[in-house]
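Quick one: sequence and predicted model below, then my questions.
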Amino acid sequence: MLAMFRCQPVRPHDDTVEEVTCTHASIATQVTSTLHCPEKARLQSMVDSFVKKAVRGCPCAHIDNQTGDRTEALYRIDRSLRRFTLVAKDDGRVIAESPIEGIQDIYVLDDGEDCLPPEVRHQVKPHERKSVLMVVHGQSQNRRRSLAKQSASCFCIVEESRERRDVFLETMKVFSIYAQHSPVSPAVSPCRQNHVSP
(Lines give C-alpha, C1' and ligand atoms only; values in the text may rest on other atoms or scores of the structure.)
Protein backbone atom coordinates (compact mmCIF):
# COMPACT_ATOMS: atom_id res chain seq x y z
CA MET A 1 0.00 0.00 0.00
CA LEU A 2 1.57 3.30 1.05
CA ALA A 3 5.16 2.18 0.78
CA MET A 4 6.66 5.04 -1.22
CA PHE A 5 6.93 8.01 1.19
CA ARG A 6 9.62 10.50 0.32
CA CYS A 7 11.17 10.58 3.75
CA GLN A 8 14.66 10.11 5.09
CA PRO A 9 15.81 6.49 5.23
CA VAL A 10 15.95 4.78 8.61
CA ARG A 11 19.44 4.72 10.05
CA PRO A 12 20.27 1.22 11.32
CA HIS A 13 21.73 2.40 14.65
CA ASP A 14 19.18 5.10 15.45
CA ASP A 15 18.03 4.50 19.05
CA THR A 16 15.05 6.79 18.49
CA VAL A 17 13.73 4.63 15.66
CA GLU A 18 14.11 1.50 17.78
CA GLU A 19 12.20 3.19 20.62
CA VAL A 20 9.40 4.25 18.28
CA THR A 21 9.29 0.79 16.74
CA CYS A 22 8.81 -0.81 20.16
CA THR A 23 6.03 1.61 21.07
CA HIS A 24 4.05 1.29 17.87
CA ALA A 25 4.60 -2.47 17.66
CA SER A 26 2.66 -2.82 20.89
CA ILE A 27 -0.15 -0.73 19.36
CA ALA A 28 -0.33 -2.94 16.29
CA THR A 29 -0.11 -6.09 18.40
CA GLN A 30 -2.92 -5.03 20.71
CA VAL A 31 -5.22 -3.93 17.90
CA THR A 32 -4.54 -6.96 15.72
CA SER A 33 -4.60 -9.65 18.42
CA THR A 34 -7.90 -11.06 17.12
CA LEU A 35 -6.89 -11.09 13.45
CA HIS A 36 -5.64 -14.10 11.51
CA CYS A 37 -1.88 -14.34 10.93
CA PRO A 38 -1.62 -12.99 7.33
CA GLU A 39 -3.84 -9.97 8.08
CA LYS A 40 -2.08 -9.36 11.40
CA ALA A 41 1.36 -9.46 9.76
CA ARG A 42 0.22 -7.12 6.97
CA LEU A 43 -1.24 -4.63 9.42
CA GLN A 44 1.80 -4.70 11.72
CA SER A 45 4.11 -4.18 8.74
CA MET A 46 1.98 -1.29 7.45
CA VAL A 47 1.89 0.44 10.86
CA ASP A 48 5.64 -0.09 11.30
CA SER A 49 6.44 1.45 7.92
CA PHE A 50 4.03 4.35 8.42
CA VAL A 51 5.34 5.26 11.87
CA LYS A 52 9.01 5.16 10.89
CA LYS A 53 8.26 7.71 8.18
CA ALA A 54 5.65 9.82 9.96
CA VAL A 55 7.86 10.61 12.97
CA ARG A 56 10.26 12.28 10.53
CA GLY A 57 7.56 13.92 8.39
CA CYS A 58 5.75 12.86 5.25
CA PRO A 59 5.11 15.20 2.34
CA CYS A 60 1.61 16.17 1.28
CA ALA A 61 -0.27 19.23 0.05
CA HIS A 62 -2.63 21.16 2.32
CA ILE A 63 -5.66 22.85 0.76
CA ASP A 64 -7.21 25.54 2.95
CA ASN A 65 -10.87 24.76 3.71
CA GLN A 66 -12.00 28.37 3.37
CA THR A 67 -9.79 29.91 0.69
CA GLY A 68 -8.70 26.92 -1.39
CA ASP A 69 -5.06 28.05 -1.08
CA ARG A 70 -2.55 25.23 -1.52
CA THR A 71 0.54 24.82 0.67
CA GLU A 72 3.23 22.18 0.36
CA ALA A 73 3.32 20.55 3.79
CA LEU A 74 4.57 17.73 5.98
CA TYR A 75 2.52 15.74 8.46
CA ARG A 76 4.17 14.23 11.50
CA ILE A 77 3.33 12.03 14.42
CA ASP A 78 5.28 12.68 17.61
CA ARG A 79 7.55 9.99 19.06
CA SER A 80 4.97 9.03 21.69
CA LEU A 81 2.50 8.37 18.84
CA ARG A 82 -0.08 10.62 20.48
CA ARG A 83 -0.04 13.87 18.46
CA PHE A 84 -0.58 14.57 14.76
CA THR A 85 0.87 17.81 13.36
CA LEU A 86 0.64 19.36 9.89
CA VAL A 87 3.31 21.98 9.12
CA ALA A 88 4.12 24.14 6.11
CA LYS A 89 7.15 22.78 4.30
CA ASP A 90 8.71 26.17 3.53
CA ASP A 91 8.54 27.97 6.89
CA GLY A 92 7.61 25.24 9.39
CA ARG A 93 4.50 27.04 10.66
CA VAL A 94 1.88 24.78 12.19
CA ILE A 95 -1.19 24.51 9.96
CA ALA A 96 -3.09 22.06 12.16
CA GLU A 97 -2.47 19.75 15.06
CA SER A 98 -4.51 17.35 17.12
CA PRO A 99 -4.11 14.56 19.59
CA ILE A 100 -4.55 11.37 17.59
CA GLU A 101 -7.39 10.36 19.90
CA GLY A 102 -9.08 13.66 18.93
CA ILE A 103 -9.35 12.66 15.27
CA GLN A 104 -13.05 11.94 14.84
CA ASP A 105 -13.47 11.22 11.14
CA ILE A 106 -11.59 11.15 7.88
CA TYR A 107 -13.55 11.70 4.68
CA VAL A 108 -12.62 11.14 1.04
CA LEU A 109 -14.38 12.16 -2.16
CA ASP A 110 -15.62 8.57 -2.56
CA ASP A 111 -17.85 9.28 0.47
CA GLY A 112 -19.70 11.96 -1.50
CA GLU A 113 -18.86 15.32 -3.03
CA ASP A 114 -20.58 17.12 -0.13
CA CYS A 115 -18.14 15.63 2.40
CA LEU A 116 -15.40 18.07 1.39
CA PRO A 117 -15.73 21.87 1.29
CA PRO A 118 -16.37 23.32 -2.21
CA GLU A 119 -13.19 25.44 -1.93
CA VAL A 120 -11.20 22.23 -1.63
CA ARG A 121 -13.08 20.31 -4.33
CA HIS A 122 -12.48 23.14 -6.83
CA GLN A 123 -8.72 23.19 -6.17
CA VAL A 124 -8.15 19.44 -6.42
CA LYS A 125 -6.61 18.47 -9.74
CA PRO A 126 -8.29 15.59 -11.63
CA HIS A 127 -5.44 13.15 -10.85
CA GLU A 128 -5.67 14.07 -7.13
CA ARG A 129 -9.37 13.25 -6.63
CA LYS A 130 -8.58 9.78 -5.26
CA SER A 131 -5.86 11.06 -2.91
CA VAL A 132 -7.54 13.98 -1.14
CA LEU A 133 -8.93 13.58 2.35
CA MET A 134 -10.43 15.70 5.09
CA VAL A 135 -9.46 15.05 8.72
CA VAL A 136 -12.06 16.15 11.27
CA HIS A 137 -10.63 16.64 14.74
CA GLY A 138 -11.46 18.18 18.08
CA GLN A 139 -13.53 17.45 21.12
CA SER A 140 -16.92 18.37 19.66
CA GLN A 141 -19.40 15.53 19.70
CA ASN A 142 -21.70 17.23 17.21
CA ARG A 143 -20.69 15.77 13.86
CA ARG A 144 -23.82 17.11 12.12
CA ARG A 145 -22.46 20.64 11.88
CA SER A 146 -22.32 22.19 8.43
CA LEU A 147 -18.97 22.10 6.64
CA ALA A 148 -18.72 25.89 6.96
CA LYS A 149 -18.89 25.66 10.75
CA GLN A 150 -16.63 22.62 10.72
CA SER A 151 -13.71 24.36 8.98
CA ALA A 152 -12.10 25.40 12.28
CA SER A 153 -11.78 21.75 13.30
CA CYS A 154 -10.86 20.07 10.06
CA PHE A 155 -8.14 20.22 7.46
CA CYS A 156 -7.70 18.79 3.99
CA ILE A 157 -4.57 17.17 2.62
CA VAL A 158 -3.65 15.57 -0.67
CA GLU A 159 -1.48 12.45 -0.50
CA GLU A 160 0.73 11.54 -3.45
CA SER A 161 -1.44 8.57 -4.47
CA ARG A 162 -4.58 6.68 -3.64
CA GLU A 163 -2.45 3.90 -2.13
CA ARG A 164 -0.81 6.38 0.26
CA ARG A 165 -4.22 7.78 1.14
CA ASP A 166 -5.49 4.27 1.92
CA VAL A 167 -2.54 3.49 4.21
CA PHE A 168 -3.06 6.82 5.99
CA LEU A 169 -6.75 5.92 6.52
CA GLU A 170 -6.03 2.42 7.76
CA THR A 171 -3.19 3.45 10.06
CA MET A 172 -5.21 6.28 11.59
CA LYS A 173 -8.00 3.77 12.21
CA VAL A 174 -5.54 1.50 14.06
CA PHE A 175 -4.36 4.46 16.15
CA SER A 176 -7.94 5.54 16.82
CA ILE A 177 -8.94 2.07 18.03
CA TYR A 178 -5.90 2.00 20.29
CA ALA A 179 -6.53 5.51 21.65
CA GLN A 180 -10.17 4.90 22.53
CA HIS A 181 -10.42 4.43 26.23
CA SER A 182 -13.85 5.89 26.80
CA PRO A 183 -16.88 5.18 24.65
CA VAL A 184 -18.20 8.11 22.64
CA SER A 185 -21.82 8.09 21.66
CA PRO A 186 -22.06 7.58 17.91
CA ALA A 187 -23.34 10.51 15.91
CA VAL A 188 -24.95 10.37 12.51
CA SER A 189 -22.67 11.71 9.82
CA PRO A 190 -23.98 13.47 6.70
CA CYS A 191 -21.57 11.31 4.69
CA ARG A 192 -21.83 7.62 3.89
CA GLN A 193 -18.69 6.31 5.55
CA ASN A 194 -16.57 7.07 8.58
CA HIS A 195 -12.98 5.98 7.99
CA VAL A 196 -11.72 6.30 11.56
CA SER A 197 -14.23 5.03 14.11
CA PRO A 198 -14.51 1.24 14.24
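Nice, thanks for sending it over. Residues are numbered from 1 along each chain as shown.

May I have the predicted confidence score for R165?
At R165 the predicted local confidence, pLDDT, stands at 96.

For T71, see how far away it is.
Relative to T71, R165 is positioned 18 Å away (C-beta to C-beta, to the nearest Å). (Each C-beta comes from the backbone N, C-alpha and C, glycine too.)

Those two: which has the busier surroundings?
Applying other C-beta atoms under 10 Å to R165 and T71 shows that R165 carries more neighbours, namely 25 against 18.

which residues sit in contact with the closest residue to the more buried one other than its chain neighbours?
Nearest residue to R165 in three dimensions, chain neighbours excluded: E159, at 4.3 Å (C-beta to C-beta, 6 or more residues apart in numbering). By C-beta atoms under 8 Å, 6 or more residues apart in numbering, the residues touching E159 are 2, 60, 131-133, 165, 168.

what residue ranges in this structure score low on pLDDT?
For the chain, the stretches flagged by pLDDT under 70 are 1-36, 139-152, 180-198.

Sheet-wise, list the partners of the longest strand along it with their directions.
In the chain, taking DSSP state E as the definition, the longest strand is strand 70-77. With DSSP bridges as the test, strand 70-77 is paired with strand 58-63 (antiparallel), strand 83-88 (antiparallel).

Can you show me the strands along the chain?
Using DSSP E, strands in the chain cover 58-63, 70-77, 83-88, 94-99, 103-108, 132-137, 154-158.

picking that back up, hey, which of the strands paired with strand 70-77 is tucked in deepest?
strand 58-63 (a mean of 22; mean count of other C-beta atoms under 10 Å).

what angle sits between that strand and strand 94-99?
Put simply, strand 58-63 runs at 110 degrees to strand 94-99, going by axes from the mean of the first three to the mean of the last three C-alpha atoms, to 10 degrees.

Please produce CSV containing the strands paired with strand 70-77, extended by distance to R42.
Shown next, in CSV, are these (distance: least, C-beta to C-beta, whole Å):
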stretch, distance to R42
strand 58-63, 20
strand 83-88, 23
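
Quick one, which of those gets closest to L116.
strand 58-63 (9.0 Å; C-beta to C-beta).

what residues does the closest one touch?
Outside strand 58-63, the residues within contact range by C-beta under 8 Å, 6+ apart are 5-7, 69-76, 86, 88-89, 95-96, 119-120, 123-124, 128, 132, 155-160.
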